[in-house]
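Peer 1: sequence and predicted structure, then a few things I'm wondering about:
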Amino acid sequence: MRCHSCAMDVDPSLQNCHYCGAPLSPAPPYYSQQPYPQPAYYPPPAAPYGAPPPYAPPPAYGAPPAYGYYPPPRSGTPIAAGVLMLIGGIIALIYGGFVMAVGGSAASLIPEAGAIIAFCGAIELIFGLIAILGAIMALQRKSWGLALTGAIFCMLSMGPVFIASILGLIALILVAVSRQDFQ
């Protein structure tokens with residue numbers, strides 16, 4: 001048998017080692033000095049209430065944001081739609097004024113046709129005003145419904161060579177896909 005203190009061979013019948021004097025007892029079982037690893041938990045335990053998540057960067061200035069809420073980034077799509085509607089609405093206003101002027105001069109030749117042409121010019125003016133109102137709402141990102149309505153009326157206004165209608169169609173598509181950017 002070996003002494004567990006000095007590692008010398010000794011007689012097992014002795015009580016103590018005759019080299020170092022250490023008591024001879026049966027060797028304790030071998031245990032690792034390393035603690036057992038902690039079991040992994042899935043999902044990991046939550047942080048205490050009020051503690052920031054480990055991945056959150058520190059705030060650059062001001063009060064920290066509410067944890068867990070980061071507003072989505074805003075795109076420039078409503079701004080582009082608003083600019084297109086504004087251009088289309090101005091074209092519709094100019095074209096509607098021109099049609100009303102032509103209708104007034106045509107009223108001297110054919111009274112019924114002049115009234116119909118002037119009425120169409122008035123409708124074009126109203127469509128242009130609604131398109132400009134929708135453009136303002138899209139530029140401010142206030143009301144998605146009014147911006148969509150303005151894009152529809154901009155698309156329905158004609159303008160020379162249907163320029164206002166084409167701009168209104170593009171603005172309608174842009175407003176429709178940017179619903180989340182409005183308040």
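Peer 2: Received the coordinates, thanks. Residues are numbered from 1 along each chain as shown.
Peer 1: could you find the closest non-adjacent residue to the residue sitting nearest the centre point of the chain?
Peer 2: Against the mean C-alpha coordinate of the chain, by C-alpha atoms, centre = their mean, the closest residue is Pro72 at 2.6 Å. Nearest residue to Pro72 in three dimensions, chain neighbours excluded: Gln180, at 6.7 Å (C-beta to C-beta, 6 or more residues apart in numbering). C-beta coordinates here come from the backbone N, C-alpha and C atoms, glycine included.
Peer 1: can I assume the one you found is in contact with Pro73?
Peer 2: No. Using C-beta atoms under 8 Å, Gln180 makes no contact with Pro73, being 10.4 Å away.
Peer 1: ok, these two, which is more surrounded?
Peer 2: More neighbours surround Gln180 than the other of Gln180 and Pro73, with 10 against 6 (other C-beta atoms under 10 Å).
Peer 1: tell me the SS of that one?
Peer 2: Assigned by DSSP: H, G, I helix; E, B strand; the rest coil, the conformation of Gln180 is helix.
Peer 1: distance of it from Thr77?
Peer 2: Gln180 is 10 Å from Thr77, where distance means C-beta to C-beta, to the nearest Å.
Peer 1: mind checking pLDDT for the nearest residue to Ser143 once chain neighbours are set aside?
Peer 2: What sits nearest to Ser143 in space, not counting adjacent residues and going by C-beta to C-beta, 6+ apart, is Met137, at 4.8 Å. You'll see Met137 listed with a pLDDT of 94.
Peer 1: now name the helix or strand holding Met137.
Peer 2: Secondary structure from DSSP states H and E places Met137 in helix 111-140.
Peer 1: list the contacts of stretch 11-18.
Peer 2: Contact with stretch 11-18 is made by 1, 3, 5-6, 8, 10, 22-24, as judged by C-beta atoms under 8 Å, 6 or more residues apart in numbering.
Peer 1: list the buried ones in it?
Peer 2: Neighbour counts using 16 or more other C-beta atoms under 10 Å place Cys17 of stretch 11-18 among the buried residues.
Peer 1: I'd like the average pLDDT over that stretch.
Peer 2: For stretch 11-18, mean pLDDT rounds to 80.
Peer 1: tell me the helix or strand right after the helix holding Met137.
Peer 2: Next in sequence after helix 111-140, counting helices and strands by DSSP H and E, comes helix 144-156.
Peer 1: between that following helix and helix 111-140, how many degrees?
Peer 2: Angle, helix 144-156 to helix 111-140, by axes from the mean of the first three to the mean of the last three C-alpha atoms, to 10 degrees: 140 degrees.
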